[in-house]
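Colleague: can you look at this prediction? I've put the sequence above it.
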Amino acid sequence: FCKYFILIFLITTSAKINASSNIIEQSVFRITNFQQRPNWQSPWKMGTTIRGQGSGFLINNKLILTNAHVVSDSKMLLINKISSAEPFLADVVAIAHDSDLALLKVRNLKFYEDLKPLELGDIPKLRSRVRAYGYPIGGHELSRTEGVVSRIEFGTYIHPGIDSHLLIQTDSAINPGNSGGPIIQFGKVIGVAFQSNLRLNDVGYFIPVPLIIRFIQDIKDRIYDGVPEIGIETSSLINKHYREFLKLPNNISGVVVDRIIPNSSADGILKKDDVITKIQKKVVDEAGMVRFGEQQVTFFIEAENKQIGDSLEIQVWRNSKIENLTIKLKAPPFALEMRNSYDKLPEFLIFGGLVFIALNRNYINIPGNMTPPLAYEHWYRDLERPRTRNDQTILIANVLPSSVNSGYTNFKNFVVQYVNGTPIESLEHLDNFLKNFPSEEQNVIFESEWNDLPIVLDYRDSIKQNETILKKYGISKNSNIYFKK
């Protein structure tokens, strides 16, 4: 009897596992993205359409969760179910480029028949086993790989380029095409596969559930606000002499504030040389770590778990005493310029054949554009000369040769800081200035701190030739500017 009972138990358990696996597999899809990126060197042009492949999976409310990089710059999205050649059209419902997540919805409700949404789990334990599902490039069928959780920490997300968030490392294979697929443990989703380390074998990363939940909560009002940041740079207090210099008692740990980013959440609240001892009532150790589950992670995790506009409680050691402060969380300043840009056309303005653009990460990373002036304006101005950075850094990226700009045709990446003595804050500001140019003045004078000689154009000749220049170079309009509301 005992043998039969064990046999029946094993058969029943095996059937349940197979049924659970089948439900998961049916709810993981292949995503094909026909995408087109703009030409940042010639911002009125578009690049060629390319075909990309990724993965996604069904969650509640008929939504498909995937990576932002799988569906960015999309012209058409197709979704295929497991072992099915029939594609379904889908649309992006919400996208978070800062945390590389996106939600899709299939247009045809027939797609959802007999599908069950996958349930979100929690942070896995270190060294526990996980399974990755997805559609890696090189085939059309679902792939399943297994591995263990080897590390839980903050790291850089490649898609935005500058943002660091919590990520989980696994030795389960995460190859191109796997991105957007679920990482499963005990039948629940514990993350979204999103990048690998090309320098190491069998090292992949996935986005954990807390960041997924934060994203879903963020878009409840149908607007994605983004992940907030405190906006500070800190140093450890491991050195005992530095602790003595700050008169920090032996029973208090923390990290010292080195720099406060202008216009950030911490600006006006925290001060240089403050020692952050607690955050959200959690003790901060000398390396800037707080307890997170079974491991220590950077104290910035406490801001990541919140929404823009939420309050963050911080305890500091200041002037030899403890102070309790509250910070209202904001988006990181200048994030649009510092982060990789997707799903929008570049801003530009053409006047007298001069092509004006707003400097951003996409432009400066084009080979040949990482010049000292551009690198300084983009990366270092805020460090060396705080609060002197404009809303946008305006460049004359290149010149469309014409008689009105004769002598300037070889100019490239000229940083425009003044026009006729007026400081220029943004492309919108420049556009308004040129449209309302003083009638008594003849010449437009573009000046830069980086160049001794200005660029001078005749205003009326520039206006007169503008349409001719656009027509000559096959450009349909003279500007694309996102005006502030």
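Modeller: That came in fine, so what should we check first? Keep in mind the model is a prediction, meaning the values are calculated, not measured. Numbering: from 1, shown residues only.

Colleague: helix or strand for L336, which one?
Modeller: L336 belongs to helix 335-338 when assigned by DSSP states H and E.

Colleague: the very next helix or strand once past that helix pairs with which strands, and in what direction?
Modeller: Remark: after helix 335-338, the chain's next helix or strand is strand 348-351, criterion DSSP H and E. Strand pairing for strand 348-351, using DSSP bridges, gives strand 354-358 (antiparallel), strand 479-480 (antiparallel).

Colleague: could you pull up the mean pLDDT of strand 348-351?
Modeller: Per-residue pLDDT over strand 348-351 has a mean of 98.

Colleague: contact partners of that strand?
Modeller: With contact meaning CB atoms under 8 Å, 6 or more residues apart in numbering, strand 348-351 is reached by 43-44, 355-357, 397, 400, 427, 430-431, 434, 444, 457, 462, 466, 469-470, 475, 478-481. For the C-beta atoms, the positions are set from N, CA and C on the backbone; glycine is no exception.

Colleague: starting at the chain centroid, how far to it?
Modeller: 27 Å (CA atoms, centre = their mean, to the nearest Å).

Colleague: how many residues are close by the closest residue to L430 other than its chain neighbours?
Modeller: Closest residue to L430 apart from its sequence neighbours, by CB to CB, 6 or more residues apart in numbering: I424 at 5.1 Å. By other CB atoms under 10 Å, 20 other residues sit near I424.

Colleague: give the contact list for I424.
Modeller: So I424 contacts N390, I394, V416, Q417, Y418, L430, F433 (CB under 8 Å, 6+ apart).

Colleague: ok, now which ones touch the nearest residue in space to I82 that is not next to it in sequence?
Modeller: Spatially, and ignoring its direct neighbours in sequence, I82 is nearest to L142 (5.2 Å; CB to CB, 6+ apart). L142 makes contact with E25, V28, R30, I82, S83, Y133, G134, Y135 under the criterion CB under 8 Å, 6+ apart.

Colleague: with A331 instead?
Modeller: Applying CB under 8 Å, 6+ apart, we find A331 in contact with D225, G226, V227, P228, E229, I308.

Colleague: filter the residues you listed down to the buried ones.
Modeller: G226, V227, P228, E229 (16 or more other CB atoms under 10 Å).

Colleague: am I right that the first one is in a strand?
Modeller: Looking back up the chat, that one is G226. No - using DSSP: H, G, I helix; E, B strand; the rest coil, the assignment for G226 is coil, not a strand.

Colleague: now it, nearest residue through space, not along the chain?
Modeller: G226's closest residue in space is A331 (CB to CB, 6+ apart), at 4.8 Å.

Colleague: sorry, back to before: neighbour-wise, which of the contacts of I424 leads?
Modeller: In the contacts of I424, the most neighbours by other CB under 10 Å go to I394, 27 neighbours.

Colleague: what sits closest to that one if chain neighbours are left out?
Modeller: Spatial nearest neighbour of I394, excluding adjacent residues (CB to CB, 6+ apart): V416 at 4.5 Å.

Colleague: the one you found touches A397, doesn't it?
Modeller: No - judged on CB atoms under 8 Å, V416 makes no contact with A397 at a distance of 10.5 Å.

Colleague: identify the contacts common to those two.
Modeller: Shared contacts of V416 and A397, counting by CB under 8 Å, 6+ apart, come down to F356.

Colleague: for the most centrally placed residue in the chain, give me its contacts.
Modeller: When CA atoms, centre = their mean is applied to the chain, the residue found nearest the centroid is D98 (2.4 Å). Listed by CB under 8 Å, 6+ apart, the contact set of D98 reads Y157, P160, D163, G226, V227, A335, R339.

Colleague: which one of those residues sits closest to V189?
Modeller: Y157 (18.7 Å; CB to CB).

Colleague: hang on, L211 packs against I123?
Modeller: No - counting by CB under 8 Å, I123 is not a contact partner of L211; they are 10.7 Å apart.

Colleague: okay, the two: which has more neighbours?
Modeller: L211 (22 against 18).

Colleague: wait, what's in contact with the nearest residue to P176 once chain neighbours are set aside?
Modeller: Nearest residue to P176, sequence neighbours excluded (CB to CB, 6+ apart): I137, at 4.9 Å. Contacts of I137 were listed using CB under 8 Å, 6+ apart, and they are Q53, N175, P176, G177.

Colleague: so what touches stretch 436-446?
Modeller: 351-352, 354, 396, 414, 416, 418-421, 434, 454-460, 462.

Colleague: let me see the confidence value for S235.
Modeller: S235 is given a pLDDT of 94.

Colleague: quick one: it from T298, how far?
Modeller: S235 is 13 Å from T298, where distance means CB to CB, to the nearest Å.

Colleague: comparing those two, which residue is more hemmed in?
Modeller: T298 (19 against 13).

Colleague: quick one: residues contacting that one.
Modeller: E153, F154, G288, M289, V290.

Colleague: name whatever forms a beta bridge with it.
Modeller: Applying DSSP bridges to T298 gives these bridge partners: M289.

Colleague: mean confidence for stretch 147-154?
Modeller: On average, the pLDDT along stretch 147-154 is 93.

Colleague: who's in contact with the closest residue to E229 other than its chain neighbours?
Modeller: Closest residue in space to E229, ignoring its immediate chain neighbours: P332 at 4.4 Å, by CB to CB, 6+ apart. Counting by CB under 8 Å, 6+ apart, P332 touches P228, E229, G231, I261, S264, M338.
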